[in-house]
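Student: Predicted model, plus sequence, below.
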Amino acid sequence: MTWLGIALIFWLAAWAVNVALARSRYHNTKPVRLIVPLLFGGSLLVLWEGLVRGLGISPVILPAPSVVAQTFVTSTDILWADFTQTVLKGALSGYAIGCLSAFIAAIAIDRSAFLTRGLLPIGNFVAALPIVGIAPILVSWFGFDWQSKAAVVVVMVFFPMLVNTVQGLRETDQMQRDLMHTYAAGYITTLTKLRLPAAMPFVFNGLKIAATLALIGAIVAEYFGSPTRGMGFRISTGVGSLSIDLVWAEIFVAALAGSGFYGAVALIERAVTFWHPSQRGRA
Amino acid sequence: MKNLTYSIGFAAAAFWGGMAQAADDVTLQLKWVTQAQFAGYYVALDQGFYEEEGLNVTIKPGGPDIAPAQVIAGGGADVVLDWMPSALASREKGLPLVNIAQPFKSSGMMLTCRKDAGVASPEDFAGKTLGVWFFGNEYPFLSWMSQLGLSTDGGEDGVTVLKQGFNVDPILQGQAACVSTMTYNEYWQIIDAGLSPDDLVVFKYEDQGVATLEDGMYVLEENLEDPAFVDKMTRFVRASMKGWKWAEENPDDAALIVLDNDETGAQTEKHQKRMMGEIAKLTAGSNGALDPADFERTVQSLLAGGSDPVITDHPGEAAWTHAITDAALN
């Protein structure tokens, strides 16, 4: 019970400190803005540790964070191999192929009314296919290795990217395009100088949605046949062999990779669309 | 009038409550979906063998994402069916499972290979891709490969392992030279898909000397200290074994009982009758009591894992008990 008590006291104390910090006159300074979320996250971990130890929860149901951290440190080679397989090979290649082809398709759709009526409904249809239905089929087409995972990711990211880009290309109004016309600008010039820059907030919106989808797609696709490595493989088989600590370590890696990936796209967005109202006033 | 209705309602509720209390509740977690592999338990339920022992048994079907060991750890079942390699591995991970009965005498696990993939004997495995089930079912395979001296990391001198889904597609499409099959299930899926037995080479784990014990009944060690639980399990094992022997003698009827209990409606009569016929061969020769020699053979096979053994320490005799079968069968 002592563990439980210590954890609860720490949690309440951290809470009180955070409230005091938020009410103090330093609440808008940089260190305080850093300390508050760190303290909050840290106190949740302490609470988790205390609950698991204090209530004697079996490690095959929920391992303590300290156990997960230990597993993380001792099995970095496994985690790195899985990360390479799932994120670097499966998710990123699928993301690149899917987003690039959707971008090109969006420009083609924008250029032709025929494609707008033909391709968009098909894109819509593909987006509605459940991943558990297409994953086994793609595995049997592209084999068990990362190629089939990349294919699942392509299917998953294509539609959000396409819809966002198509919408973005419609952002400019007739007056602006007429102005370009009076400058004697052709289609290509209008596209690169006016319409693509205007579409960028939408394009990055699609890229950010696709970033999280890509990771989920690559992991889930590994449930349907995979070589003996990969994050999805480890998560699905780790539960069966009661290596729950390793499963949590993989989940931690997935969370890190997902946030890192999203953060990188958001940073590029800030650099590219610095002129957009949503980016103004940010440090 | 209203009062009378209420009184009857309350009386009925009390009566039902009394009935339910009279029987001891037992929850059994199966290793896999409802099929003839578990006919003994469904027969015992259907024929009232559990009721005769004063038990109210709930049978929970398993599936590809259900690990029986985790269910029992979470308090979702009193007794689970598991394979011994997986149960012993759980034991090493700190979940003390104990084998209380072993209705399956022989192993139904095989590696089924295509002749045209160039496999004639275990010496030909090197450099090939083999399909393996995971989720705790990979242990017998891993111990076999380490006994053959083959690494499972791929390459010329090793075998490439692919995680096989619960179907036989990889061998049909030529993605793997061999896939894992059970005598009573997946082997027949390959035959039904159009390959003839002449196209195939079959390695039974039993014949390779690496057979491990499948589908034993496991409970948590701490529960066995409670005499009431032991008594309940004694009655459960007695009724279940009666169900198994009934199923062996009446395979077709047993298959129909299984079909009645299949809530998914996914199983077919032909498939289940064939499966029951094969299952009867595996349960034949077991009265429910674990043969310590079989246990020792399984443990030795799992320990002989070379650099990557399935278990590192001999679990000792604490991993099984005859206490329940001795009481149940005499």
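Tutor: Structure's in. What do you need?

Student: Show me which residues of the stretch 51-200 of chain B sit near chain A.
Tutor: Residues of the stretch 51-200 of chain B lying near chain A by CB under 8 Å from any CB of the partner chain: B:65, B:67, B:69-70, B:73-74, B:86, B:89-90, B:93-95, B:134-138, B:152, B:160-165, B:169-170, B:173, B:175. Just so you know, the C-beta spots here come from the backbone N, C-alpha and C atoms, and that holds for glycine as well.

Student: wait, what's in contact with the residue nearest to residue A:83 when sequence neighbours are not counted?
Tutor: Using CB to CB, 6 or more residues apart in numbering or on different chains and skipping residues adjacent in sequence, the residue nearest residue A:83 is residue A:253, 5.9 Å away. Neighbour list for residue A:253: A:79, A:82-83, A:231 [criterion: CB atoms under 8 Å, 6 or more residues apart in numbering or on different chains].

Student: Point out the residues in chain A that sit beside chain B.
Tutor: A:58-61, A:136, A:139-140, A:143-144, A:222, A:224-228, A:233, A:236-237, A:239-243.

Student: ok, 10 Å please
Tutor: Residues of chain A lying near chain B by CB under 10 Å from any CB of the partner chain: A:57-62, A:135-136, A:139-141, A:143-145, A:222-230, A:232-234, A:236-245.

Student: Who are the packing partners of the helix or strand hosting residue A:136?
Tutor: Following DSSP states H and E, the helix or strand that holds residue A:136 is helix A:131-142. Other helices and strands packing on helix A:131-142, by 3 or more CB pairs under 10 Å, 6 or more residues apart in numbering or on different chains; DSSP states H and E, are helix A:146-169, helix A:196-221, helix B:169-172.

Student: what is the mean pLDDT for the next helix-or-strand element following the last one?
Tutor: Using DSSP H and E, the helix or strand that directly follows helix B:169-172 along the chain is strand B:178-182. Model confidence over strand B:178-182 averages 90 on the pLDDT scale.

Student: just checking, what packs against strand B:178-182?
Tutor: Where contact means 3+ CB pairs under 10 Å, 6+ apart, strand B:178-182 is packed against strand B:109-114, strand B:129-132, helix B:169-172, helix B:186-192, strand B:200-204, helix B:269-283.

Student: May I have the distance across stretch B:261-275, first residue to last?
Tutor: Across stretch B:261-275, the terminal residues are separated by 16 Å (CA to CA, to the nearest Å).

Student: ah, wrong one, I meant stretch B:125-138
Tutor: 17 Å.

Student: gap between that stretch and the chain center?
Tutor: Taking CA atoms, centre = their mean, to the nearest Å, one finds stretch B:125-138 lying 19 Å from the centre of the chain it belongs to.

Student: And for stretch A:177-197?
Tutor: Distance, centroid of stretch A:177-197 to centroid of chain: 34 Å (CA atoms, centre = their mean).

Student: from what I can see residue B:108 touches residue B:213, true?
Tutor: No: counting by CB atoms under 10 Å, residue B:108 does not reach residue B:213; the two are 11.3 Å apart.

Student: Looking at the two, which is more packed in?
Tutor: Relative neighbour count places residue B:213 above the other of residue B:108 and residue B:213, with 27 against 23, counting by other CB atoms under 10 Å in any protein chain shown.

Student: tell me the secondary structure for the more buried one?
Tutor: For residue B:213, the assignment made with DSSP: H, G, I helix; E, B strand; the rest coil gives coil.

Student: pLDDT score assigned to it?
Tutor: So residue B:213 comes in at 88 (pLDDT).

Student: got a list of what it touches?
Tutor: B:82-85, B:87-88, B:99, B:102, B:104-107, B:140, B:286, B:290-291, B:294-295, B:297-299, B:320 (CB atoms under 10 Å, 6 or more residues apart in numbering or on different chains).

Student: Spatially, what comes nearest to it if we skip its sequence neighbours?
Tutor: Closest residue to residue B:213 apart from its sequence neighbours, by CB to CB, 6+ apart: residue B:84 at 4.1 Å.

Student: what about the one you found, distance to residue B:166?
Tutor: Distance of residue B:84 to residue B:166, computed by CB to CB, to the nearest Å: 21 Å.

Student: repeat for residue B:82
Tutor: Counting by CB to CB, the gap from residue B:82 to residue B:166 is 17 Å.

Student: again, but for residue A:155
Tutor: 23 Å.

Student: Am I right that residue B:218 falls within a strand?
Tutor: Yes: counting by three-state DSSP, one finds residue B:218 located in a strand.

Student: looking at it, it is touching residue B:237, isn't it?
Tutor: No: using CB under 10 Å, residue B:218 makes no contact with residue B:237, being 11.9 Å away.

Student: In chain B, which residue sits closest to chain A?
Tutor: Per CB to the nearest CB, residue B:135 is where chain B lies closest to chain A, at 3.1 Å.

Student: where are the low-confidence patches of chain A?
Tutor: A:1, A:281-283 (pLDDT under 70).

Student: Need the single longest helix in it, by residues.
Tutor: For chain A, the longest helix by residue count, based on DSSP state H, is helix A:244-272.

Student: Can you mark which positions in that one are buried?
Tutor: A:244-250, A:252-254, A:257-258, A:261-262, A:265, A:269 (16 or more other CB atoms under 10 Å in any protein chain shown).

Student: Equivalent analysis for stretch B:160-169, please.
Tutor: For stretch B:160-169, by 16+ other CB under 10 Å, it's B:160-165, B:168-169.

Student: coming back round to it: any chance of the helices and strands packed on helix A:131-142 in CSV with distance to residue A:130 as columns?
Tutor: Converted to CSV, the helices and strands packed on helix A:131-142 look like this (distance: least, CB to CB, whole Å):
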stretch, distance to residue A:130
helix A:146-169, 11
helix A:196-221, 11
helix B:169-172, 19
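
Student: winner for burial among these?
Tutor: Ranked by mean neighbour count, these are led by helix A:146-169 with a mean of 24 (mean count of other CB atoms under 10 Å in any protein chain shown).

Student: Which neighbouring elements make contact with that helix?
Tutor: Against helix A:146-169 (3+ CB pairs under 10 Å, 6+ apart) you get helix A:92-111, helix A:113-128, helix A:131-142, helix A:196-221, strand A:226-227.

Student: These: which one's closest to residue B:279?
Tutor: helix A:131-142 (27.6 Å; CB to CB).

Student: what inclination does that closest one have with respect to helix A:196-221?
Tutor: Per axes from the mean of the first three to the mean of the last three CA atoms, to 10 degrees, the angle that helix A:131-142 makes with helix A:196-221 is 80 degrees.

Student: got the buried residues for helix A:131-142?
Tutor: For helix A:131-142, the neighbour count (16+ other CB under 10 Å) marks A:131, A:134-136, A:138-140 as buried.

Student: rewinding a little: who touches the helix holding residue A:136?
Tutor: Against helix A:131-142 from outside (CB under 10 Å, 6+ apart): A:126, A:129, A:145, A:147-156, A:213, A:216-217, A:220-226, B:165, B:167, B:169-170, B:172-173, B:175.
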